[in-house]
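# For reference, the sequence and a predicted model appear below.
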Amino acid sequence: MLYFQMKQRLSLLLIASLGFGRGALAVEEIEFDTHIRPIFEAHCTECHGEEKQKGELRLDTPAAIRKGGDSGEPLFFAGKRDESHLYKLVSRQDPEEAMPPKEKDALSKEDVELIGRWIEQGAKMPGDGEVVTLTTDHWSFQAVAKEHRHAGVDAFLNEALADNDLKPSNRADRRTLIRRLYLVMLGLPPSPEEVTRFVNDDSPQAWGNLVDHVLASPHYGERMARHWLDITRFAESNGFETNRERPSAWRFRDYVIGSFNSDKPYDQFVKEHLAGDVLGADLGTGFLVAGPHDIVKSPDPNLTLTQRQDELADMINTTGTAFLGMTIGCARCHNHKFDPITQRDYYSMQAIFAGVKFGERAVKKEANEAGKKEVESLRVSLAAAERELEQLRSLAAKNESGLSALRPAVNARLNTESFKARSAKFVRFTIKRTNSSEPCLDELLVFASNGENVALAKAGAVATSSGDLQGYPIHQLAHINDGKLGNTWSWISNQSGKGWVQIEFAKPSQIERIEWARDRDGGFTDRLAVEYVIELSDDGKSWTAVASSDDREAFGGKPNSETFLTKLPEAEVIRARALIAESVLARSRIVELETGGKAWVANFSQPGATHRLYRGEPMARREEVPPDALEVIGSLGLAMDAPEKERRLALAGWIASADNPLTARVAVNRLWQFVFGTGIVDTPSDLGTNGTPPSHPELLDWLASDFVAHGWSMKHTLRLLLSSEAFLRSSQPNSVAARIDSDSRYLWRFPPRRLEAEAIRDGMLSVAGTLDLKMGGPGFHLFDVDRENVVHYHAKEETGPAEWRRMVYLFKIRQEQDAVFGAFDCPDGNQVIPSRSRSTTPLQALNLFNSRFTMQQAGKLAERLGDSQDRAARVYELLYSRPATAEDLVDAKSFIERHGFVSFCRAMLNTNEFLFIF
Amino acid sequence: MIDTRHLFDRRNFLSHSVNGLGGVALASLLSREGLLGDERIRESAPGKNPIRPGIDAANPHAARIPHAKPRAKQVLMIFCSGAISQVDTWDYKPELIKRHGQPMPGGDKLITFQGGQGNLMKSPWEFRPRGQSGKMVSDLLPQLGDLADEMCFLHGMTGKTNTHGPGENFMCTGFTLDGFPSAGAWTTYALGSEAEDLPAYVAIPDVRGTPQSSVNCWGPGFLPAAFQGTSFNAAKAVRNLAIPGGITGATDAATRAFLQRQNHRHLQNHPDDSQLAARIASYELAARMQLSIPEITDLSKEPDYLLRDYGADDSGNKILDLRAAYGRNCILARRLIERGVRFVQLFNGAYQTGGEGVSNWDGHKKIKEQYDIHGPVLDQPTAALLKDLKARGLLEDTLVVFCSEFGRMPTFQKGASGRDHNPSGFTAWLAGAGVKAPFSYGATDEFSYKAVEGVTTVYDFYATILHILGLDHERLSYYHNGIERRLTDVHGRVIREILDSA
């Protein structure tokens, strides 16, 4: 096994700083060569010497003794015998951990005492004081080569092909190429019109133009973000048994999409992930806390500490694998078995993240004029959507009750009161009864005819109340009109079951709609006002009621349901769902634009000391470690108590540096993998000794240096790959070449591959003409959610337009998989997935062949094509980007005649040609 | 990901050509044959290299031979969600009865999950000697107690966490964290299945819902999705199994035939592409499953006496209804084992709903009241299942595993009449192929609080189960995100003391 020359600076420092303690009292000066080395040679070096190194420990040279074994535990702390591992072992304090292992081989008392005194006297050895560093000769730790034998992707590839007697395949035809490019870079098939245009484009720049067009498409960011979200183990619930949702976690997803689309320099992108709060990109730090989080804390302090250690391990692992391609997490319990990463490195890395906590918080807003305009137009469309929804609610009420037209019962998430506009300067919301405890309102929104919320404190409105619950910073009167929604920004009355809150506007306004809720985040359903009245006033003295619970259905205990939907005809249900989805999106976007809004991003506080933990056990604290990066690459030079922000900023700068040998290599290797299906290193999160060496090491280095030289532009590097001859090659097999290189790692052909779950779903919607390409905002749900102390998810039986967005916008629940596409190796967000498995299973076949989703989209595809003569041929063009062959058409026509066009569409959506990139 | 490609395409021709030769020979071929270079020779344990199963892309569930001669070929795991109390079932402690009502020595310093520490409480159910062996089992599970001679008890089980989610993760996947492959996924990854037209690995959730760690309990983690458990029970079919509404059987078959013709036309341009061939094959297998799964969940042809034995024929109150539903799941489990399904995981108890201990074994507050429901629901059907398996000779090749995420305290919680969580010592039992019975291994202290003898970690537990299946837990590994991952992490000792001498 390759190993590294490791020399510790630790013991040297300790000797200097700790002095000689009890050793000064010793009569005799213990000499290493005279007294200690013979003991080791007699009792230890048989297992810990030149021949054998049990536990990776050698005791035959001073350097090796200073280094210690793979436990990461230094053998001694100079001057402190009782704290020294070596002394504990040889004095056999713990029979489970005694050395030599067999009782009969135990050291004599005299020898043990000699070792003890030697440690007390400073454990002096020859060579003390030499400055030594950790080194390795593993390829990925060496500086990226600056001199290159070739320039350009093909030059390197062609050389390797020739060396291996491989003949590159011919170019693929244009239809195959445009389809390949779209599926690889956008995750969507090209339209038949786009195909025709490209096929007929005679310009010599046709391909280059198409590549530019694709890289400029906003769907590029969506596609790349899906890869990145796998690598950053992103999901929108906590995981574990409670698995509560994180309603604002999507903002990190949008941040990632936006970053790819704007071709944010990769070094900046990385820095923002680790220290975005300092760099004006708060949302980037969503990365740190995107992983699972166990909120059920064990009361056992040992287990609670373990939980915290697990959280930090997730951040270290993900940072290490995502950016550095290093499994730093392996050094949690002992020195890394394969790579030059010590346990001390691991805990130094932990000290960097030690102040990071999970949770939702306000983020800084991006102020701009466009934002203001967007808010205005959102308000107008929101008001229209609400009016229409209100009509649908009344319709539902009529359907149910025949003559009486009661409005639906209140719910915890949102209630709207619409009435004929009238002028007022005051509004008062009086609660008469709740479903439990003191009433809670998260925000009172009062809309004037122009769509403006006049209740906002920052618009000059003033809130008063009958009395406020004391002692909870998250529940305050000021929260009733602060523009921030959800339980953490809410007001609670000080009286059980009742209370009132009143808002005086800056000036009299025409009021026509009021919205209120218990918790717009949907987390809480208690403390809900079930009997209430809302009154307006010009002077704060005489009041007119404009809305109340009197004309609502009685509250039936279902505080979160949109029960009215079940009472509407089918067409209206679809419309209502779409309106609800639209209004949720609009609302959250308004909050985001106006206040910066809330997001599930990292929270920070100054941490206490971080200690190395023996065997990774939280109770086995050892020496304090400073925040630092991997020693083998270099030190951050931070003090033990460095400010929290400085720690992350320093690490970010160290990773996102042209001098870091790993970062750029890891990044370009991932880009290569996204394009060709497999990286130049096919273990993309492990460029260490245990990973696979690169298939084209010089190419990797050329790409990495070119990437940095071009400002870490991902689009630049992608353009190189997409413009290469290798990308343009046919994917047709060739039995001669396959015998030499069956996977086409040398790219003699373009290697075909099955699309991922998301691209299959998106593609089906796209060809069926049902795909909603709206970008960003809260995700759509594929589960009906049942919120108790723990949250239960029940897969929706039916989806509609609200769920027909690109799957990157799926509200990603940990553990729970989409009922149709989960089986296609979709990650569940608990683990970093550097590359997807591509398995083939009968369950996939059942889902894709029989699901309601497929039948529905087959129906939509059929509908889209109507009764036209050439509808079968059109299906081939839409799904395969090619015309049907004569044979195809004969078969299709006779099938359609007997079994109908929808069944034909169902079959076609299941075919290999539709589901693979060729 | 290199290993996945190894599994699913490149080696396809190999697995065809050596069909029947089996996994070991194939695995050795695989480790030599390398892409451009070789697959790195990695270690899965000190001095040991992984044995990669030779998986046929077109049929990833084909049976594969194990690393060594197996003692059992199939596993039936009965999992009691919510943490069934060992104190009230299998772990008889006379000292606890003697000191009933007294404080537990040192108990005030103990850490509990939920409530303060109350006094020692003997079980509300009497213990009596059962079977030839005279093993003491409580009256909570009298019919299972009568089968004590068939059981190999592990009384010194220990866990690593005292919360349910991580606990169920740990017991099902060997890791407290989410996202790791379940034991059943590991097993089917290694061994495939003998059941040609059925899923290789079936999870049977309780009729009341999924367990507390939900699909983690049978998830594939980072293994290919092919190895996840397929979940269905006697009441709820596999999703997307039925022919879509409004489509006749004839049209459905014709549609599949058209699909395959289209695929074959395409395949002519891509001959020898195993990924494409595998997808074509998967539709054929899916079609066979559409017949075989409804057939296996249809209990209407089971004789009346058998339904009666399992308690599956009776209904009318809450206990009987639940017992009948669980009994039907037990019958389903037997039928799956009979058909050669490699790993069957049968759940008793669901996620928490309606308060603690209502829907599962989490008896914090009112253990007598709650277990008086859960006990009868579990007892008769599970006993009938064991007897039925034995009568049909299925225990010859099947290892039955009874377990829970952790155990419960010998004390009651302060101010409550139930027991708090206890991962320090609890009981699991094995039965059937490969293990000694009647036999008891390991022990807790005098109160059933802490394992003191034959302490068995979950790693030891799975090292032993894999060993019984003929698998070396140190060589069954999968390279993921830079690490050779194992069901037993970097731990585990095969408990040879409990292995049948055969």
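On my side now, so go ahead.
# Domain boundaries for the chain, per the record?
Went with chain A since none was named. For chain A, the structural domains run A:10-120, A:139-170+A:661-753, A:265-361+A:603-660, A:369-595, A:757-917, going by automatic domain parsing.
# not quite, I wanted chain B
B:75-234+B:305-469, B:241-298.
# Just put those in JSON lines and tack on mean neighbour count, mean pLDDT and distance to residue A:574.
C-beta: built from backbone N, CA, C; applies to glycine. Compiled in JSON lines, the domains of chain B are given as follows (neighbours: other Cβ atoms under 10 Å in any protein chain shown; pLDDT from 0 to 100; distance: least, Cβ to Cβ, whole Å):
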{"stretch": "domain B:75-234+B:305-469", "mean neighbour count": "23", "mean pLDDT": "94", "distance to residue A:574": "29"}
{"stretch": "domain B:241-298", "mean neighbour count": "18", "mean pLDDT": "93", "distance to residue A:574": "19"}
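# For chain A, which of those is the nearest?
Checking the domains of chain B against chain A by Cβ to the nearest Cβ gives domain B:75-234+B:305-469 as the closest, at 2.7 Å.
# how far is the closest one from where the chain is centred?
10 Å (Cα atoms, centre = their mean, to the nearest Å).
# Determine if any part of that domain is in contact with chain A.
Yes. Applying Cβ under 8 Å from any Cβ of the partner chain, one finds domain B:75-234+B:305-469 touching chain A at B:111-114, B:161-166, B:168-169, B:176-180, B:199, B:209, B:212-216, B:219, B:221-226, B:228, B:230, B:351-353.
# any idea of the mean pLDDT in stretch A:727-739?
Stretch A:727-739 shows a mean pLDDT of 92.
# same question but for stretch A:329-346, I mixed them up
Mean pLDDT, computed over stretch A:329-346, is 91.
# swap in stretch A:78-91?
On average, stretch A:78-91 scores 90.
# Quick one: residues contacting whichever residue of the stretch 351-500 of chain B sits closest to chain A.
At 3.4 Å from chain A, residue B:482 is the closest residue in the stretch 351-500 of chain B, using Cβ to the nearest Cβ. When contacts are counted by Cβ atoms under 8 Å, 6 or more residues apart in numbering or on different chains, residue B:482 is found next to A:321, A:325-327, A:330, A:683, A:685-686, A:688, A:690-691.
# Is it possible to get a markdown table of the domains of chain A that adds distance to residue B:291?
Listed next are the domains of chain A as a markdown table, based on distance: least, Cβ to Cβ, whole Å:
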| stretch | distance to residue B:291 |
| --- | --- |
| domain A:10-120 | 55 |
| domain A:139-170+A:661-753 | 32 |
| domain A:265-361+A:603-660 | 39 |
| domain A:369-595 | 33 |
| domain A:757-917 | 12 |
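# Which positions within stretch A:570-588 qualify as buried?
Within stretch A:570-588, the residues that count as buried by 16 or more other Cβ atoms under 10 Å in any protein chain shown are A:572-588.
# Which members of the contacts of residue B:482 additionally contact chain B?
Restricting the contacts of residue B:482 to contacts with chain B (Cβ under 8 Å from any Cβ) yields A:321, A:325-327, A:330, A:683, A:685-686, A:688, A:690-691.
# Is it possible to mark the buried ones in those?
Using 16+ other Cβ under 10 Å, the buried members of those are A:321, A:325-327, A:330, A:683, A:685-686, A:688, A:690-691.
# Have a look at those residues and tell me the least confident one.
Out of these, that is residue A:690, at 85.
# okay, now the residue lying closest to residue A:305 once chain neighbours are set aside: neighbour count?
In space, and not counting its chain neighbours, residue A:305 is closest to residue A:618: 3.5 Å by Cβ to Cβ, 6 or more residues apart in numbering or on different chains. By other Cβ atoms under 10 Å in any protein chain shown, 16 other residues sit near residue A:618.
# so which helix or strand takes in residue A:618?
Using DSSP states H and E, residue A:618 sits in no helix or strand.
# Correct me if wrong: residue B:173 contacts residue B:183.
Yes. Counting by Cβ atoms under 8 Å, residue B:173 touches residue B:183, with 7.0 Å between them.
# Give me the common contacts of those two.
residue B:487.
# got a list of what residue A:228 touches?
Residue A:228 touches A:256, A:260, counting by Cβ under 8 Å, 6+ apart.
# What pLDDT does the model give it?
98.
# Which parts of the stretch 351-500 of chain B are helices?
Using DSSP state H, counting those that start in this stretch, the helices of the stretch 351-500 of chain B run over B:367-391, B:458-468.
# among these, which is nearest residue A:739?
Between residue A:739 and the helices of the stretch 351-500 of chain B, the tightest spacing by Cβ to Cβ is seen for helix B:458-468, at 36.7 Å.
# Quick one: classify residue A:515 as helix, strand or coil.
strand (DSSP: H, G, I helix; E, B strand; the rest coil).
# Can you give me the neighbour number for it?
21.
# Is it bridged to anything, and to what?
With DSSP bridges as the criterion, residue A:515 is bridged to residue A:416, residue A:445.
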